[in-house]
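Novice: Requesting a structural model of the entry that follows:
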Amino acid sequence: MTQPLASVEELTARLGYRLDDEERVMAEAALADVSAMVRAYGLPWPDPATAPAVVVAVVLAVAERRVRNPEGYRAESQGGYQYQLPATAPTGVELTPVEVQLIRAQAGIGGLYSVQVERHGGVL
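Specialist: Numbers count the residues shown, from 1 in each chain. Presented below is the predicted three-dimensional model:
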């Protein structure tokens, strides 16, 4: 299995609290899942130390979303308390279009391409 592109310690620093054993297992799984998805959009980055900082930041941001909201809830309420995420807010390990764009840019994928055009019989 390929090593995740970010560590649980880096994720814990973003979360701002210590993870218990169950949360740590979930965090490790989230980092592995997100790293696999990021590699699918970008490059293999077999050595996490060679992954660009932007790519690691994306992995951490998506894993943080997963750990903070494992069920993917968009709204919750309890008594007089109500909280709702915007309908466009990503949940779980779903990558946003901007995150995909950042990954592809760091991998040198995307942008403008030139395509050779050949003439076959007719006039162009």
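Novice: by contact count, what packs against the top helix by length along the chain?
Specialist: Counting residues, the longest helix in the chain under DSSP state H turns out to be helix 21-41. In terms of contacts (3 or more CB pairs under 8 Å, 6 or more residues apart in numbering; DSSP states H and E), helix 21-41 is packed against helix 8-15, helix 53-68, helix 97-106. Any C-beta I mention is one placed from the backbone N, CA and C, and that applies to glycine too.
Novice: ok, and for the first one, which residues are buried?
Specialist: Which is helix 8-15. Val8, Glu10, Leu11, Thr12, Leu15 (16 or more other CB atoms under 10 Å).
Novice: Which of those sits closest to Ala105?
Specialist: Glu10 (21.5 Å; CB to CB).
Novice: need the contact list for that closest one.
Specialist: Val56, Leu60 (CB atoms under 8 Å, 6 or more residues apart in numbering).
Novice: So it versus Val59, what's the distance?
Specialist: 9 Å (CB to CB, to the nearest Å).
Novice: Identify the residues contacting stretch 89-102?
Specialist: With CB under 8 Å, 6+ apart as the criterion, stretch 89-102 contacts 30, 33-34, 37-38, 41, 54-55, 58, 61-63, 65-66, 69, 72-74, 85, 103, 110.
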